[in-house]
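Novice: Only the shape, not the letters, is given here:
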């Protein structure tokens, strides 16, 4: 296998972007008789050149101007942030173009593993106390929660072909693992806070001879609720208060809103699963970290 | 009293520390079975630290503790705690009514549903809590009533020994006297071993069979209450 030149790959990908979402391709995926065929691609995609991005940076300059006017002390951060976002996104763009072009299962799996590792690190980094075991346990919880959800969606719902198709797997996994990471971090953080603030109640249970699981039932429930509520709320307001980024992106890319919303529905359901499974596993496993084997509360 | 009373708890050179601070320094004690032992000392003397060791909410940094001749670590922690109840200084009620609190405790103690009503009635009576309060939300009771409710919650499982950490510190004199009377009854009618901490000399004098005077994490004096409190 010859490794493609990055610039060639990028050009080829830009040229092929329309082809990938061509009407026949989508029609085939949607199947006949849905009544949607004529409007799958409603409008041609308007390309964005690098020069267009220079124009867009005027908007950042507007924010910089306001910050200077009001002496917010954010000018430096805004400029650094803008530059970082350009550099990071360009790098990600090249990485994705590369992975799409090479199109090998091991590279896709490697990328997913890398995303998972970064997510686990980030989820643990937000905690005040982070014993080494926490990394492994959180990573494993995210692996099970996200892995199961990705498996379900890619094999049973979207039915990706080939199974490792990076154009689907990587963005889907990004959304899944990102949400699972937030839920895991929130759940663990909340569990620690609840055990601390409800220490008297937990010890009153323990003093009666309750197991750690029983004694921490209230805090466990609160932690799980805290982790799940953002997802439940997003199910409630989606499409009413805000149009989700992915759906907006598909619509901007010329996809029919009716197809975009179908994908969005899958995404919402998949996030509910990823968040619930990951949070439950994180809380039930990590709970043991707060107790000794002799059912004593161990708070740092 | 005939011969030497049997030991409930025996402590040998027990030390405790937390975050580098020494809480107990070399405690040697025998706490007799079936009697009321009062731990007397000002705050910071080590009373709470000592009580927490006796039903293993904490383990000592060093030293040996036994209960009825067996090292505490030989008991499964949950079994030890069912046999040795603990009433905290500040009552903590679980969600729901007093009745719900009792039911939680009964479940943890493994009582079956048929036993429950009789045991609940008995526990409320022993703790001196008016049964008409049993269906009120526990959080709405006065502190004195809550303290009696936690007593009932601890007693429903039928512990052999009871640890009480300054149980009267939040109570008015009348409620305090009431609680002490319940404790005397538990000792007299059930032969319960009671270890109670207080910083009030008169309270110790009112109830103790045995007394232990603690200061700065060490035992200053221990023995028959009449001698120690004289």
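Specialist: Structure received. Computed from a prediction, not measured in an experiment: that's the story for all the values here.
Novice: Would you mind measuring from residue A:269 to chain B?
Specialist: 33 Å (CB to the nearest CB, to the nearest Å). C-beta: built from backbone N, CA, C; applies to glycine.
Novice: same deal with residue A:181?
Specialist: Counting by CB to the nearest CB, the gap from residue A:181 to chain B is 32 Å.
Novice: check contacts around that residue.
Specialist: A:119, A:120, A:122, A:123, A:142, A:278 (CB atoms under 8 Å, 6 or more residues apart in numbering or on different chains).
Novice: List buried residues within these.
Specialist: A:119, A:120, A:123, A:142, A:278 (16 or more other CB atoms under 10 Å in any protein chain shown).
Novice: Counting only helices, which of those residues make the cut?
Specialist: Among the buried ones among the contacts of residue A:181, the members falling in helices (DSSP state H) are A:119, A:120, A:123, A:142, A:278.
Novice: Among those, which ones lie close to chain B?
Specialist: By CB under 8 Å from any CB of the partner chain, no member of those lies near chain B.
Novice: Just send those residues back as JSON lines, with pLDDT too.
Specialist: Formatted as JSON lines, those follow (pLDDT from 0 to 100):
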{"residue": "A:119", "pLDDT": "94"}
{"residue": "A:120", "pLDDT": "94"}
{"residue": "A:123", "pLDDT": "92"}
{"residue": "A:142", "pLDDT": "95"}
{"residue": "A:278", "pLDDT": "95"}
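Novice: pLDDT value on residue 1, please?
Specialist: All of this refers to chain A. Residue A:1 is assigned 44 on the pLDDT scale.
Novice: other chain: chain B
Specialist: Reading off the model, residue B:1 has pLDDT 46.
Novice: And the one 10 residues further on, by the same measure?
Specialist: According to the model's per-residue confidence, residue B:11 sits at a pLDDT of 96.
Novice: that's a strand at it, yeah?
Specialist: Yes - assessed with DSSP: H, G, I helix; E, B strand; the rest coil, residue B:11 lies in a strand.
Novice: Just give me the neighbour total for it.
Specialist: 23 (other CB atoms under 10 Å in any protein chain shown).
Novice: do the same with residue A:88
Specialist: 10.
Novice: list the contacts for it?
Specialist: When contacts are counted by CB under 8 Å, 6+ apart, residue A:88 touches no other residue.
Novice: State the distance from it to residue B:54.
Specialist: 58 Å (CB to CB, to the nearest Å).
Novice: Enumerate the residues of the stretch 151-300 of chain A near chain B.
Specialist: A:200-201, A:203-211, A:214, A:218, A:292, A:294-297.
Novice: can you tell me which of the residues you listed are in helices?
Specialist: Per DSSP H, the subset of these in helices is A:200, A:201, A:203, A:204, A:205, A:206, A:207, A:214, A:218.
Novice: Between the residues you listed, which sits nearest residue B:124?
Specialist: The closest of these to residue B:124 turns out to be residue A:204 (CB to CB; 17.8 Å).
Novice: residue furthest from the geometric center of chain B?
Specialist: In chain B, the residue that sits farthest from the middle, by CA atoms, centre = their mean, is residue B:114; the gap is 27.5 Å.
Novice: Chain A now?
Specialist: Most peripheral residue of chain A (CA atoms, centre = their mean): residue A:208, 42.3 Å.
Novice: And the pLDDT for that one?
Specialist: 97.
Novice: and if you look at residue B:134?
Specialist: pLDDT, residue B:134: 90.
Novice: Enumerate every residue touching it.
Specialist: B:97, B:98, B:99, B:102, B:120, B:124 are the contacts of residue B:134 under CB under 8 Å, 6+ apart.
Novice: And for the fifth one, nearest residue in space, chain neighbours not counted?
Specialist: In this structure, residue B:120 finds its nearest non-sequential neighbour in residue B:102, 4.8 Å apart by CB to CB, 6 or more residues apart in numbering or on different chains.
Novice: so the one you found sits right up against residue B:151, yeah?
Specialist: No - applying CB atoms under 8 Å, one finds residue B:102 not in contact with residue B:151, separated by 11.1 Å.
Novice: Which residue of these two possesses the greater neighbour count?
Specialist: The neighbour count for residue B:102 versus residue B:151, taken as other CB under 10 Å, is higher for residue B:102 (29 against 26).
Novice: Enumerate the beta-bridge partners assigned to residue B:37.
Specialist: For residue B:37, the beta-bridge partners are residue B:195, residue B:210 (DSSP bridges).
Novice: what about residue A:255, distance to residue A:93?
Specialist: 20 Å.
Novice: now swap in residue B:85 and tell me
Specialist: 65 Å.
Novice: When these two are compared, which one has more neighbours?
Specialist: Each of residue B:85 and residue A:93 has its neighbours counted (other CB under 10 Å); residue B:85 has more, 28 against 12.
Novice: Surely that one is within a helix?
Specialist: No - secondary structure of residue B:85 (three-state DSSP): strand, not part of a helix.
Novice: Am I right that residue A:218 is in contact with residue B:95?
Specialist: Yes - taking contacts as CB under 8 Å, residue A:218 lies within contact range of residue B:95: 7.3 Å.
Novice: so where do the helices sit in chain B?
Specialist: B:47-54, B:77-83, B:98-109, B:116-127, B:143-155, B:173-190, B:201-207, B:225-228.
Novice: what sits against the residue nearest to residue B:63 when sequence neighbours are not counted?
Specialist: Leaving aside its chain neighbours, residue B:63 sits nearest to residue B:14 (3.4 Å; criterion: CB to CB, 6+ apart). Contact partners of residue B:14, counting by CB under 8 Å, 6+ apart, are B:24, B:26, B:27, B:28, B:50, B:53, B:60, B:62, B:63, B:64, B:65.
Novice: Any chance of the residues you listed in a markdown table with pLDDT as columns?
Specialist: Formatted as a markdown table, the contacts of residue B:14 follow (pLDDT from 0 to 100):
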| residue | pLDDT |
| --- | --- |
| B:24 | 95 |
| B:26 | 93 |
| B:27 | 95 |
| B:28 | 96 |
| B:50 | 97 |
| B:53 | 97 |
| B:60 | 96 |
| B:62 | 96 |
| B:63 | 96 |
| B:64 | 96 |
| B:65 | 97 |
